[in-house]
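A.B. asks: got a structure for you, letters missing:
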């Protein structure tokens, strides 16, 4: 969804100079350590006008080092 939130605003809110990764459709930030830090990140993104799940999500879980996660952007088809 379009929220007219600039990357510079997101970077400023997260105290970062650049995303961890980007592919043209998705930006990746982190890792953020601890539930309290994740709560702060979530709050700051919502304060920018972003909507949880529609615009961003978090992945917070313990996992073995050999396990790798990948995310892909798939544009929703309107019915």
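C.D. replies: Happy to help now that I have it. Computed from a predicted structure; not experimentally measured.
A.B. asks: run through the helices of the protein in chain order.
C.D. replies: Remark: helices assigned in the chain by DSSP state H are 7-13, 35-47.
A.B. asks: can you lay out those as JSON lines showing distance to residue 69 and mean pLDDT?
C.D. replies: (Glycine included, C-beta is placed from N, CA and C.) What follows is those, written out as JSON lines (distance: least, Cβ to Cβ, whole Å; pLDDT from 0 to 100):
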{"stretch": "helix 7-13", "distance to residue 69": "21", "mean pLDDT": "93"}
{"stretch": "helix 35-47", "distance to residue 69": "16", "mean pLDDT": "90"}
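A.B. asks: make JSON lines out of the ones you listed and add mean neighbour count and distance to residue 24.
C.D. replies: JSON lines is the format used below for the helices of the chain (neighbours: other Cβ atoms under 10 Å; distance: least, Cβ to Cβ, whole Å):
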{"stretch": "helix 7-13", "mean neighbour count": "14", "distance to residue 24": "13"}
{"stretch": "helix 35-47", "mean neighbour count": "14", "distance to residue 24": "20"}
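A.B. asks: what about this protein, any weak spots by pLDDT?
C.D. replies: 1, 78-79 (pLDDT under 70).
A.B. asks: and the strands in it, which stretches?
C.D. replies: Assigned by DSSP state E, the strands in the chain fall at 21-22, 27-28.
A.B. asks: among those strands, which is nearest residue 63?
C.D. replies: strand 27-28 (16.1 Å; Cβ to Cβ).
A.B. asks: output the contacting helices and strands for that closest one.
C.D. replies: Applying 3 or more Cβ pairs under 8 Å, 6 or more residues apart in numbering; DSSP states H and E, we find strand 27-28 packed against strand 21-22.
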